[in-house]
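Asks: Let me see the structure of the following:
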Amino acid sequence: MKKLLAMAVAGLVAAAGISSYLGHSLTQQQFDAQVEALRELAPSYRLSVNEAELTRGVFGSDARIALFFDSPDANIPSVTLLLQSSLQYGPVLFTDTGLKLGLVSGRSQLSATGLSTENTEKLEALIGPHLLTGEHWVDFSRQLSASIQVPAFNLSEDGQRLSFAGIQALINSDLDSRQTRANLTLGSLSITTPEGSMEISPSDAQFESTDISNYMAPSRLMLNIPQISANESSTAVSLQGVELALQQSLENGMINVIESLKVTEIQSPLPLTSASASWTFNRINPKGIELWGAIVSQLDADDLDNGSAPLTEQQTRELISALLRPGVEFIQDYQLSTAKGALKAHLDIQYLGLANGRHPMDIEDPRQLLNALKAQLNISADQAAIMDLPIAPMVSAYVDQGLLIQDQQQLRLEATLVNAELSVNGQPMPLHEWL
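Replies: Down below sits the predicted model:
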């Protein structure tokens with residue numbers, strides 16, 4: 001019996017030692033990868049990694065990462081975001097949901113430091129000592145499970161009120177394949193001013209990514225909002241069944257992105273009953289996105305807000321060269337519905353490229369630029385639906401001018417641009433004369 005007990009104790013000690021080693025090795029690996037990813041992304045958000053430290057203990061470690069935000073706006077204070085994690089190694093892990101077996105577990109919190117005493121007191125009175133808290137654990141198959149909480153808050157000042165019920169997130173990630181899935185529960189959001197109010201009901205979101213450390217990797221995001229309501233004076237608007245989606249894929253080294261918005265039911269002074277829209281970007285060069293991020297990180301906030309960002313000629317040339325490559329395509333689709341019918345619009349623009357690889361900024365004749373484009377626009381609508389909208393007088397004028405074709409109870413327009421020649425409803429248009 002004593003031998004058996006001794007063997008069991010020895011086995012537990014060995015298991016603890018192996019798990020401690022594996023836990024620390026995994027922690028160091030993930031910590032280094034996280035810091036590297038932050039150093040790459042931080043400049044795009046005006047952040048810099050000022051501190052990154054992992055202190056190893058026998059049965060656990062403490063991690064500390066400090067991100068400094070240097071505010072370009074005098075009205076917004078600069079601040080250091082401090083992420084602190086307390087980690088413990090397996091095989092037995094103590095978590096908020098009970099004992100678990102695995103490699104490592106930990107608790108983390110994000111806080112703001114470096115603020116004035118007055119701002120610190122205001123922030124803590126609003127949301128408490130932490131901007132977010134979280135817990136995670138990794139099992140023996142290197143599957144990470146995590147939960148994150150963003151606190152609720154209520155802010156009232158000068159007759160205005162902002163109330164948010166917080167965020168709960170559950171995350172599952174495979175540390176070998178880096179595939180990640182997350183489910184988020186967003187609390188209600190309420191904004192009240194003397195002029196009116198807006199309410200967003202509790203919502204949920206789902207996120208998937210094939211590589212969470214690479215923002216250009218294939219990913220999918222879905223946000224479902226049951227209801228958004230707004231009131232101002234005597235006007236009330238209610239949007240029900242709001243769905244936002246974003247899907248990003250990678251094909252032959254180029255990025256394809258599809259964004260969509262859908263409103264299942266609309267209640268407003270306008271006769272609209274539902275609406276949807278989608279935007280598709282095909283064959284985007286990742287280098288263009290990286291370059292734009294680097295440029296934005298160097299610009300002032302005021303310049304970005306008013307749209308007068310002072311790009312140098314060289315920056316503009318490099319950005320256009322990276323983004324505007326042959327094969328780039330932009331597609332838009334819209335649908336507006338009323339009780340009497342629907343209006344649909346489809347726009348497809350492709351960039352074919354300039355002859356001899358010339359740069360668009362070197363072209364003086366706009367007709368040469370048109371040769372580099374291929375476009376198609378299709379619009380169709382039920383006439384009864386259009387007559388209920390504020391654009392009805394304008395539509396009637398377009399019918400009289402022949403820009404819209406009336407076919408029984410349908411209105412339609414078909415326009416194409418090919419080889420710098422524009423045609424509308426099969427009729428050539430004097431585009432060259434206009435230019």
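
Asks: lowest-confidence helix or strand of the protein?
Replies: The least trusted helix or strand in the chain, going by mean pLDDT, DSSP states H and E, turns out to be helix 301-306, with a mean of 48.

Asks: moving C-terminal of that one, what's the next helix or strand?
Replies: For helix 301-306, the following helix or strand on the C-terminal side (DSSP states H and E) is helix 313-323.

Asks: which residue packs closest to residue 31, ignoring adjacent ones?
Replies: Nearest non-adjacent residue to residue 31, counting by C-beta to C-beta, 6 or more residues apart in numbering: residue 54, 4.9 Å away. To be clear about C-beta, it is placed using only N, CA and C from the backbone, and glycine gets the same treatment.

Asks: a strand runs through that neighbour, doesn't it?
Replies: Yes: Residue 54: assigned to a strand according to DSSP: H, G, I helix; E, B strand; the rest coil.

Asks: distance of it from residue 104?
Replies: For residue 54, the distance to residue 104 equals 12 Å [C-beta to C-beta, to the nearest Å].

Asks: Same question for residue 159.
Replies: Distance from residue 159 to residue 104, by C-beta to C-beta: 50 Å.

Asks: These two: which is more packed in?
Replies: Using other C-beta atoms under 10 Å as the criterion, residue 159 and residue 104 rank with residue 104 on top: 25 against 9.

Asks: For the stretch 301-435 of the chain, which segments are assigned as helices?
Replies: Assigned by DSSP state H, counting those that start in this stretch, the helices in the stretch 301-435 of the chain fall at 301-306, 313-323, 366-371, 383-386, 392-401, 431-434.

Asks: most tightly surrounded among those helices?
Replies: helix 383-386 (a mean of 18; mean count of other C-beta atoms under 10 Å).

Asks: who touches that one?
Replies: Outside helix 383-386, the residues that touch it by C-beta atoms under 8 Å, 6 or more residues apart in numbering are 336-338, 340-343, 392, 395, 406, 409-411.

Asks: sorry, back to before: would you mind confirming that the residue nearest to residue 31 is in contact with residue 28?
Replies: Yes: taking C-beta atoms under 8 Å as the definition, residue 54 is a contact partner of residue 28 at 6.4 Å.

Asks: For the two, work out which one has more neighbours and name it.
Replies: Remark: of residue 54 and residue 28, residue 54 carries more neighbours, 18 against 14, as counted by other C-beta under 10 Å.

Asks: Show the contacting residues for that one.
Replies: Residues counted as contacts of residue 54 (C-beta under 8 Å, 6+ apart) are 27-28, 31, 61-64.

Asks: Who are the packing partners of the helix or strand containing residue 291?
Replies: Residue 291 is part of helix 286-296 when elements are defined by DSSP H and E. When contacts are defined as 3 or more C-beta pairs under 8 Å, 6 or more residues apart in numbering; DSSP states H and E, helix 286-296 packs onto strand 254-267, helix 313-323.

Asks: how about the CA coordinates for the strand ranked longest in the chain, as PDB?
Replies: Under DSSP state E, the strand in the chain containing the largest number of residues is strand 235-251. C-alpha atoms of strand 235-251 as PDB (Å, rounded to 0.1, in the frame of the first residue of the first chain):
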ATOM      1  CA  THR A 235     -40.700  61.900 -35.200                       C
ATOM      2  CA  ALA A 236     -40.300  58.300 -34.300                       C
ATOM      3  CA  VAL A 237     -38.300  55.600 -36.100                       C
ATOM      4  CA  SER A 238     -38.000  52.000 -35.300                       C
ATOM      5  CA  LEU A 239     -35.800  49.400 -37.100                       C
ATOM      6  CA  GLN A 240     -36.400  45.800 -36.300                       C
ATOM      7  CA  GLY A 241     -34.300  42.800 -37.200                       C
ATOM      8  CA  VAL A 242     -31.100  44.600 -38.000                       C
ATOM      9  CA  GLU A 243     -28.300  42.400 -39.300                       C
ATOM     10  CA  LEU A 244     -24.700  43.500 -40.000                       C
ATOM     11  CA  ALA A 245     -22.300  41.100 -41.600                       C
ATOM     12  CA  LEU A 246     -18.700  41.100 -42.800                       C
ATOM     13  CA  GLN A 247     -16.900  38.300 -44.500                       C
ATOM     14  CA  GLN A 248     -13.300  38.400 -45.600                       C
ATOM     15  CA  SER A 249     -11.500  35.700 -47.700                       C
ATOM     16  CA  LEU A 250      -8.100  35.300 -49.200                       C
ATOM     17  CA  GLU A 251      -7.700  34.200 -52.800                       C
END
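
Asks: between it and helix 286-296, how many degrees?
Replies: Angle of strand 235-251 versus helix 286-296, following axes from the mean of the first three to the mean of the last three C-alpha atoms, to 10 degrees, is 130 degrees.

Asks: list the buried ones in strand 235-251?
Replies: Using 16 or more other C-beta atoms under 10 Å as the test for burial, strand 235-251 gives 239-240, 242, 245, 247-248, 250.

Asks: got a pLDDT number for residue 297?
Replies: At residue 297, the model reports a pLDDT of 63.

Asks: ok, what's across the strand from the residue nearest to residue 284 when sequence neighbours are not counted?
Replies: Distance criterion C-beta to C-beta, 6+ apart; nearest residue to residue 284, sequence neighbours excluded, is residue 255 at 4.3 Å. Here residue 255 shows beta-bridge partners residue 250, residue 284, assigned using DSSP bridges.

Asks: which ones are touching residue 255?
Replies: 216, 248-249, 281, 283-286, 289.

Asks: What of residue 112?
Replies: Going by C-beta under 8 Å, 6+ apart, residue 112 touches 79-82, 120, 123, 131.

Asks: cool, and residue 327?
Replies: Residue 327 makes contact with 254, 282-283, 350-351, 353, according to C-beta under 8 Å, 6+ apart.

Asks: among those residues, which ones are buried?
Replies: Applying 16+ other C-beta under 10 Å to the contacts of residue 327, the neighbour count classes 282-283, 350-351, 353 as buried.
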